[in-house]
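1. Based on what follows, work out the 3D shape:
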Amino acid sequence: MSTTTSPTPESDGREAMTAPDGRAGRCAPRLIQNESTTEIPVHLLFRDEPGPAPLAARPAVVGSRKGTGEQPRLGRGRRVPAPARPVPEVDPELAEHPARVLPGAAGVLAGACGAAGCVLTSWWAGVLPDVAAQALRLPEPAGAGLGGPQWAAYAGAGALALFGFGGLARGGTGRAWVLGLFGRYRGTVRRTGLLWLNPLMPRRPIDVRLRHWRSEPMPAADPGGVALRVVVLVVWRVRDTARATLAIDDHETYLRECVEAALARVPVDPPGAARGGAAPADTLTRLVAREVAPVGLEVFSVRPVRVEYAPEVAAAMHRRSVAALDARHRATMLTSVVDSVEDTVTRLTTRGLVDLDDYERKLLVRDLTVAFCAGGREPGS
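-> Now for the predicted structure:
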């Protein structure tokens with residue numbers, strides 16, 4: 001009678017293995033009883049050519065360690081992305097779009113028809129002067145008088161004339177009109193030539209040409225934190241007329257505030273310093289262009305054209321510059337004196353004009369140094 005025994009946990013944790021000499025043995029028992037392992041296919045470890053992305057597998061060594069008190073390991077090297085800067089929301093209705101306009105000939109035709117209607121109504125009522133009737137070659141007036149029908153005809157013809165001639169406008173290059181009706185944006189007119197616009201719509205002219213704005217001295221700082229006064233030249237234009245007209249009150253005021261905010265964050269090279277490139281100007285241009293883009297302005301260049309120290313530090317920085325210049329001058333003069341003394345002593349010794357020991361050589365060097373320094377000074381210094 002055969003009996004079947006189930007493997008115990010101790011026997012289940014051991015696997016058969018073959019020793020190098022061919023004898024069968026058993027591996028060491030597991031140190032962690034609750035450790036679970038997962039096999040990794042060999043073809044996933046050695047791959048010669050790329051293929052489809054493998055599926056995510058369970059951890060290959062330790063899946064879970066219950067009862068050991070170890071906390072789960074967190075992934076290392078993962079960088080949390082910085083929150084994106086919120087972009088100001090702009091009302092879609094404020095986006096620029098072309099307004100509906102008619103050629104100027106339509107307005108001229110409507111106005112002429114209204115004027116002709118007024119003349120014919122006057123002839124009908126019998127109030128047209130005889131000279132005008134003869135000039136226009138009209139028959140004898142009917143003499144109906146000014147009644148209700150005549151006044152109605154006058155009103156219609158006059159309204160047509162006013163509506164036709166009142167809507168005429170001349171568009172120019174580099175200028176535009178922002179139209180509105182009952183407080184609502186109706187479109188922008190950028191066309192040139194004679195146009196007819198609805199006379200009931202208020203027109204706000206705006207300059208869309210490329211403009212240069214030179215600021216007054218603004219506070220800034222150099223890379224060392226020294227206070228400066230900077231005059232900035234900004235090249236800009238209005239890109240979206242609807243946002244530029246309806247979103248802000250004054251373009252230059254808004255632009256000035258944006259430039260001041262950018263100067264507070266970007267260091268400017270001090271006066272007299274060697275320029276290392278256009279990096280500060282490019283940084284200022286990017287910052288200001290990003291700030292004014294939501295209001296319909298486009299900035300091409302922001303460059304400092306004059307940099308000077310602030311009044312409170314100007315005197316101290318002037319003294320510092322003079323001291324540095326004097327130090328460089330003294331160092332240059334000392335170098336030239338030492339070179340001259342060395343050359344003189346070397347030539348005298350090489351040509352055999354003098355035969356000096358160490359003590360006499362030192363005395364000669366001292367005397368020559370004093371003589372060269374005294375001769376190099378300016379009169380009265």
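2. can you pull the contacts of Leu297?
-> Leu297 is in contact with 236-239, 244, 251, 254-255, counting by CB atoms under 8 Å, 6 or more residues apart in numbering. Bear in mind the C-beta positions are built from the backbone N, C-alpha and C, glycine included.
3. For the helix of greatest length in the chain, give the mean pLDDT please.
-> Assignment by DSSP state H gives helix 311-350 as the longest helix of the chain. Mean per-residue pLDDT for helix 311-350: 76.
4. what comes up buried for the helix or strand following it?
-> Beyond helix 311-350 on the C-terminal side, the first helix or strand identified by DSSP states H and E is helix 358-376. Across helix 358-376, burial judged by 16 or more other CB atoms under 10 Å covers 364-365, 368, 372.
5. And helix 358-376, what does it pack against?
-> With contacts taken as 3 or more CB pairs under 8 Å, 6 or more residues apart in numbering; DSSP states H and E, helix 358-376 sits against helix 311-350.
6. Show me what the helix it packs on is packed up against.
-> Applying 3+ CB pairs under 8 Å, 6+ apart, one finds that helix 311-350 contacts strand 227-238, strand 297-309, helix 358-376.
7. Export the first one to PDB, keeping only CA atoms.
-> As requested, the backbone C-alpha atoms of strand 227-238 are provided in PDB (Å, rounded to 0.1, in the frame of the first residue of the first chain):
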ATOM      1  CA  ALA A 227      22.100 100.000  -8.500                       C
ATOM      2  CA  LEU A 228      22.000 101.300 -12.100                       C
ATOM      3  CA  ARG A 229      19.900 103.600 -14.200                       C
ATOM      4  CA  VAL A 230      19.100 102.200 -17.600                       C
ATOM      5  CA  VAL A 231      17.500 103.800 -20.700                       C
ATOM      6  CA  VAL A 232      15.800 101.200 -22.900                       C
ATOM      7  CA  LEU A 233      14.800 101.300 -26.500                       C
ATOM      8  CA  VAL A 234      11.900  99.100 -27.400                       C
ATOM      9  CA  VAL A 235      10.800  98.100 -31.000                       C
ATOM     10  CA  TRP A 236       7.200  97.100 -31.000                       C
ATOM     11  CA  ARG A 237       3.900  97.200 -32.800                       C
ATOM     12  CA  VAL A 238       0.200  96.400 -32.400                       C
END
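8. And the helices in this protein, which stretches?
-> Counting by DSSP H, residue ranges of the helices within the chain are 9-12, 104-125, 130-135, 148-166, 241-246, 251-263, 279-292, 311-350, 358-376.
9. circling back: next, format the contacts of Leu297 as a markdown table and append neighbour count and pLDDT.
-> As requested, the contacts of Leu297 are exported to a markdown table (neighbours: other CB atoms under 10 Å; pLDDT from 0 to 100):
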| residue | neighbour count | pLDDT |
| --- | --- | --- |
| Trp236 | 21 | 95 |
| Arg237 | 16 | 95 |
| Val238 | 21 | 93 |
| Arg239 | 16 | 93 |
| Ala244 | 23 | 90 |
| His251 | 21 | 86 |
| Tyr254 | 17 | 92 |
| Leu255 | 23 | 92 |
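10. Please report the distance of the closest residue to Thr121 other than its chain neighbours from Asp130.
-> Of all residues not flanking Thr121 in the chain, Ala153 sits nearest, at 4.2 Å (CB to CB, 6 or more residues apart in numbering). Using CB to CB, to the nearest Å, Ala153 is found at 21 Å from Asp130.
11. Which one's more surrounded, the two?
-> Counted by other CB atoms under 10 Å, Ala153 and Asp130 do not tie: Ala153 has more neighbours, with 17 against 10.
12. Make sure the more buried one is actually in contact with Gly114.
-> No - using CB atoms under 8 Å, Ala153 is not in contact with Gly114; the gap is 10.9 Å.
13. list the residues that contact both of the two?
-> Joint contacts of Ala153 and Gly114 (CB under 8 Å, 6+ apart) do not exist.
14. The closest residue to Cys373 other than its chain neighbours: neighbouring residues, count only.
-> Nearest non-adjacent residue to Cys373, counting by CB to CB, 6+ apart: Val337, 5.8 Å away. Number of residues near Val337 (other CB under 10 Å) recorded here: 18.
15. Same question for the one 10 residues further on.
-> Applying other CB under 10 Å, we find 10 residues neighbouring Arg347.
16. Would you quantify the distance from it to Arg186?
-> With distances taken as CB to CB, Arg347 is found 93 Å from Arg186.
17. which regions of this protein lie under the pLDDT threshold?
-> For the chain, applying pLDDT under 70 flags the ranges 1-93, 131-134, 138, 140-145, 272-278, 314-322, 326, 375-381.
18. Please list the residues outside stretch 104-118 that contact it.
-> So stretch 104-118 is contacted by 153-154, 156-165, 167-170, 193-196 (CB under 8 Å, 6+ apart).
19. if you set the cut-off to 7 Å instead, what comes out?
-> 153-154, 156-158, 160-161, 163-165, 167-168, 193-196 (CB atoms under 7 Å, 6 or more residues apart in numbering).
20. top of these by neighbour count?
-> Most crowded among these, counting by other CB under 10 Å, is Trp196 at 23 neighbours.
21. contacting residues for that residue?
-> Taking CB under 7 Å, 6+ apart, we find Trp196 in contact with 101-104, 106-107, 167-168.
22. roughly how far apart are the closest residue to it other than its chain neighbours and Arg361?
-> Excluding the flanking residues, the one nearest Trp196 by CB to CB, 6+ apart is Gly107, at 3.5 Å. Distance from Gly107 to Arg361, counting by CB to CB: 104 Å.
23. try His251
-> 77 Å.
24. Now do the domain split for the protein, please.
-> Domain assignment of the chain by automatic domain parsing yields the ranges 102-207, 211-309, 314-376.
25. which of the residues in stretch 246-257 are buried?
-> Buried positions in stretch 246-257, judged by neighbour count with 16+ other CB under 10 Å: 246-248, 251, 254-256.
26. What is the nearest of these to Ala324?
-> Distance to Ala324, by CB to CB, is smallest for Arg256 among these, at 34.9 Å.
27. Check the gap between the closest one and Arg286 for me.
-> Distance from Arg256 to Arg286, by CB to CB: 18 Å.
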